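[1] From the sequence below, what's the structure:
(one chain, ligands or ions: 1)
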Amino acid sequence: MLRAARDHARSIDLERIWGRIDATDTGSLPFAEHHGLAQSGREWISALELAGAPPPLPPPPGVTVVSLAERADLIGAAYDVYSECLPDMPSASPMRAEPFHEWVSQTLEGPAALPEGAMVALAGDAVIGQAALTLEGGEGTAEHLTCVRRDWRGRGVARALRSAQIAWAGQAGIERLVTSNDAPNAAMLAVNQRLGYQVVSEGVLVEGRAQRT
Ligand SMILES: CC(C)(COP(=O)(O)OP(=O)(O)OC[C@H]1O[C@@H](n2cnc3c(N)ncnc32)[C@H](O)[C@@H]1OP(=O)(O)O)[C@@H](O)C(=O)NCCC(=O)NCCS
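    Sure, this is the predicted structure:
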């Protein structure tokens, strides 16, 4: 399967591949290393059980949070914030945003998309943060991806976005929210902790060339 995945990656001009392995899985890491994938980092998977979750926190002064399902006119600006933020996400290789149409299809239209739970933060008319929410592994669980424009960080915008998503998800019948964050992502981990998420597992990230040398 790994060989087939590598063949496919090369056929679409990808140079590198990566994967995540549960830190307690002692068999898969030697397998990955044997096949030329090296450890590239660690991540924490955190979860919030929505039964009994705290009520939403108000956004910081001057900021409002709305769902992209209500404000489709903001989709382009939300993507711009996502594109600005993705390279700032701590990771072994710099991340970059997929093309706009792919992002829309995965985040707002695909089978896992929850457009009502996709939130944007506004300062006046400007989108300063955006937070996607997609189904993860089953109907009852959804996963976050949160981005805040550089000049607005450290003011509680991510916390407000997540808080609005928690409130929406609770009403939508979702039972559990999960998020995976690279170990060095101190700001996001602090937001999770503040909102009551518990670390449920640790992942080892592996990465290597698509073409085995
Ligand atoms: C991660 C990110 C979304 C945070 O957005 P933000 O609006 O700055 O976050 P907030 O202001 O709501 O909260 C930041 C929290 O982190 C804390 N923090 C910031 N830097 C920190 C550090 N180096 N160490 C510890 N805590 C830190 C802040 O004190 C604050 O916690 P507090 O409210 O308890 O004081 C933003 O930095 C970003 O877009 N990064 C790039 C994309 C990314 O990594 N997304 C996460 C993947 S899901």
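[2] And the strands in the chain, which stretches?
    Ranges of strands in the chain, per DSSP state E, are 16-22, 38-49, 63-67, 119-123, 126-135, 141-148, 176-182, 198-209.
[3] send the alpha carbons of the fourth one over as CSV?
    So the one you mean is strand 119-123. In CSV, the C-alpha atoms belonging to strand 119-123 read as follows (Å, rounded to 0.1, in the frame of the first residue of the first chain):
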residue,chain,number,x,y,z
MET,A,119,-17.0,30.5,11.4
VAL,A,120,-15.4,33.7,10.5
ALA,A,121,-14.3,36.5,12.8
LEU,A,122,-15.0,40.1,11.6
ALA,A,123,-13.6,43.4,12.7
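[4] wait, what's in contact with residue 181?
    Each residue near residue 181 by CB atoms under 8 Å, 6 or more residues apart in numbering is listed here: 43, 44, 46, 188, 189, 192. Where C-beta positions appear, they are placed from N, C-alpha and C, glycine not excepted.
[5] overlap between those and the residues near the ligand?
    For the ligand, the contacts drawn from the contacts of residue 181 by CB under 6 Å from any ligand atom are residue 188.
[6] tell me the average confidence for stretch 194-211?
    The pLDDT scores in stretch 194-211 average 94.
[7] Apologies, that question was intended for stretch 50-69.
    For stretch 50-69, the mean pLDDT works out to 91.
[8] Now it: buried residues?
    Neighbour-count burial for stretch 50-69, counted by 16 or more other CB atoms under 10 Å, picks out 50, 53, 56, 57, 59, 63, 65, 67, 68.
[9] And the ligand, is that stretch touching that?
    No: remark: stretch 50-69 sits outside contact range of the ligand, by CB under 6 Å from any ligand atom, the gap being at least 8.1 Å.
[10] repeat for stretch 159-166
    Yes: Stretch 159-166 lies within reach of the ligand by CB under 6 Å from any ligand atom, at residue 159.
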